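Here's my sequence, what's the structure:
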Amino acid sequence: MESIQIRPFCAVDAPWLVEQHGKFYARDEGFDDSFGALVEQILEDFVAEHDPARERGWIAERAGQRLGSIFCVALDERTAKLRLFLLVPEVRGRGLGQQMLDTCTDFARGVGFTEMRLWTHESHRAACALYRRNGWQLLDSKPVHSFGVELVEQSWKFRL
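Sure, this is the predicted structure:
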């Protein structure tokens with residue numbers, strides 16, 4: 001079996017990312033199509049406007065098959081936001097999430113950010129456990145109705 005590579009995101013990866021987010025969130029969380037539309041808008045904005053010196057996305061792949069993504073975008077001069085963190089189910093629980101999280105936080109630290117933030121849902125238990133293990137702090141947790149379902153939205157922060 002070939003090893004997994006974590007490579008820079010390219011614009012040609014965007015349709016795959018939109019499809020995967022839409023598919024897995026609909027199947028696993030019951031999300032409606034508005035979630036895929038949000039992911040598509042996030043990616044369109046990233047491709048059109050990101051600062052390559054301070055913002056980056058990565059794709060995990062093996063033998064040309066995409067397996068996941070993670071992004072670092074600027075919220076302000078000191079704060080980065082982790083976005084679009086996704087692993088396909090067949091590679092979850094094998095340490096790839098940790099590698100991708102390390103890639104993202106190391107990059108953010110290296111370009112001068114002092115803090116990171118992220119937004120997720122309580123139902124993403126494995127991801128939340130990963131964040132907690134790595135020193136992220138839960139800032140806020142609140143019930144919301146988003147993407148056609150009832151969710152508990154969470155905000156986290158991490159000091160770089």
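
in the protein, what spans have low per-residue confidence?
For the chain, applying pLDDT under 70 flags the ranges 1-2.

Contact partners for residue 151?
Residues touching residue 151, when contacts are defined by C-beta atoms under 8 Å, 6 or more residues apart in numbering, comprise 29, 121, 122, 123, 143, 144, 145. Backbone N, C-alpha and C define where each C-beta goes, glycine included.

now it: how far from residue 72?
Counting by C-beta to C-beta, to the nearest Å, the gap from residue 151 to residue 72 is 24 Å.

cool, and residue 6?
13 Å.

Do you have the helices of the chain handy? List them.
Taking DSSP state H as the test, the helices found in the chain are 14-29, 33-49, 96-110, 125-133.

Point out the one among the ones you listed that comes closest to residue 59.
Nearest of the helices of the chain to residue 59, taken as C-beta to C-beta: helix 14-29 at 8.2 Å.

Show me what that closest one is packed up against.
With contacts defined as 3 or more C-beta pairs under 8 Å, 6 or more residues apart in numbering; DSSP states H and E, the secondary structure elements packing on helix 14-29 are helix 33-49, strand 65-74, strand 79-87.

which outside residues touch the first one?
Spelled out, that is helix 33-49. For helix 33-49, contacts defined as C-beta under 8 Å, 6+ apart pick out 11, 14, 17-19, 21-22, 25-26, 55, 57, 71, 73, 83-84, 147-148.

go on, the last one?
With contact meaning C-beta under 8 Å, 6+ apart, strand 79-87 is reached by 17, 20-21, 24, 39, 42-43, 54-55, 57, 60, 67-75, 96-97, 100-101, 104-105, 108, 113-119, 127, 160.

what pairs with residue 142 across the strands?
With beta bridges defined as DSSP bridges, residue 142 has these partners: residue 153.

picking that back up, narrow the contacts of strand 79-87 to those that are buried.
When burial is judged by neighbour count using 16 or more other C-beta atoms under 10 Å, the buried members of the contacts of strand 79-87 are 17, 20-21, 24, 39, 42-43, 54-55, 57, 60, 67-74, 96-97, 100-101, 104-105, 108, 113, 116-118, 127, 160.

want to throw the helices of the chain into CSV with distance to residue 88?
Conversion of those to CSV gives the following (distance: least, C-beta to C-beta, whole Å):
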stretch, distance to residue 88
helix 14-29, 7
helix 33-49, 15
helix 96-110, 10
helix 125-133, 13
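
quick one, which of the ones you listed is nearest to residue 156?
Nearest of the helices of the chain to residue 156, taken as C-beta to C-beta: helix 125-133 at 5.5 Å.

Fine by me, we can end here.
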